[in-house]
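Participant: I'll drop the sequence and a predicted model, then ask my questions.
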Amino acid sequence: MARCAPVPPAAAQAPRARELRAVVDETIALFHRLRWVAEQIYGDEGRSTARRGILRGSCGTARRRARTGAHALGHAAARPGGRHRAGRGPLVELIPNPRHRRSRLVRATARGQALVLRMDDTDDRVLIAVGTDLSTRELEIHRAHAGDSAQGFELGTRWRRVLATAQLR
C-alpha cells in the first residue's frame, strides 16, 4: 500500500487552506446556482438533479447504451430505495443483464431519450449564452483545475488521516 507524505503543520498551510476554502465555497455556490437554473429551464420532467443524472447515465455516452444500475444511478443507488424508485416510470426502465443474473441494466425509454436530447440542446444554447465572455483556453483551465481539486478529495488517504486527529468527532 502506498503511503502519503505527512501533512505539514496547519499553521504553515493556513494561506493555502484559505485559498482552497474560497475555491470550495465558490464551487458550492456555483452548484446551487446551477441547480436552481436547471429547475427553471427543465420543468417537471427534468427538475431533480438526481433524475437528470439518472437519465443521462442511462443513455450512456452513445446516448442509447444501457448501463448497470450502479453505474447509471451513481449516487441514487447509495440512497435507501434510490435504485428501485429510479427504475420505475416512463423515462427509464430496468432490463435483464445478460452478464449478471441479479444486476439489471438501466436504460432510458424512448421518452427518456427524447428528454435527454431536448435537455442537451437546451444546455448547449444556455451554455453558449452564459459563456460568451470565456475563451476556450479559460474554459480548459477551469475544467482542469476543477478536476484537480476533485481528484484531491478522491484520495481519501489525504483527508481521512486528518479526521483521525481532529476534535470534530
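Facilitator: All right, it came through fine.
Participant: need the helix or strand of this protein with the lowest average pLDDT.
Facilitator: Using mean pLDDT, DSSP states H and E, helix 75-78 stands out as the lowest-scoring helix or strand of the chain, at a mean of 41.
Participant: does Ser103 count as helix, strand or coil?
Facilitator: Judged by DSSP: H, G, I helix; E, B strand; the rest coil, the three-state class of Ser103 is strand.
Participant: Tell me where this structure has strands.
Facilitator: For the chain, applying DSSP state E gives strands covering 67-68, 92-97, 100-108.
Participant: What residues of the second one count as buried?
Facilitator: Just to be clear, that refers to strand 92-97. Of the residues in strand 92-97, 92-94, 97 count as buried by neighbour count, 16 or more other CB atoms under 10 Å. In this view, the C-beta of every residue, glycine as well, is placed from N, C-alpha and C.
Participant: Which elements pack onto that strand?
Facilitator: Contacts defined by 3 or more CB pairs under 8 Å, 6 or more residues apart in numbering; DSSP states H and E place strand 92-97 against helix 49-59, strand 100-108.
Participant: CA atoms of that strand as PDB?
Facilitator: Extracted in PDB, the C-alpha atoms of strand 92-97 (Å, rounded to 0.1, in the frame of the first residue of the first chain):
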ATOM      1  CA  VAL A  92     -36.100   4.800 -17.600                       C
ATOM      2  CA  GLU A  93     -36.600   1.000 -17.400                       C
ATOM      3  CA  LEU A  94     -34.800  -1.900 -15.900                       C
ATOM      4  CA  ILE A  95     -33.900  -4.700 -18.300                       C
ATOM      5  CA  PRO A  96     -32.200  -8.100 -17.900                       C
ATOM      6  CA  ASN A  97     -28.400  -8.000 -17.800                       C
END
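Participant: Grab the longest helix from this structure for me.
Facilitator: helix 10-42 (DSSP state H).
Participant: Please identify the buried residues of it?
Facilitator: 38, 42.
Participant: which secondary structure elements does that helix contact?
Facilitator: Where contact means 3+ CB pairs under 8 Å, 6+ apart, helix 10-42 is packed against helix 49-59, helix 110-130, helix 136-154.
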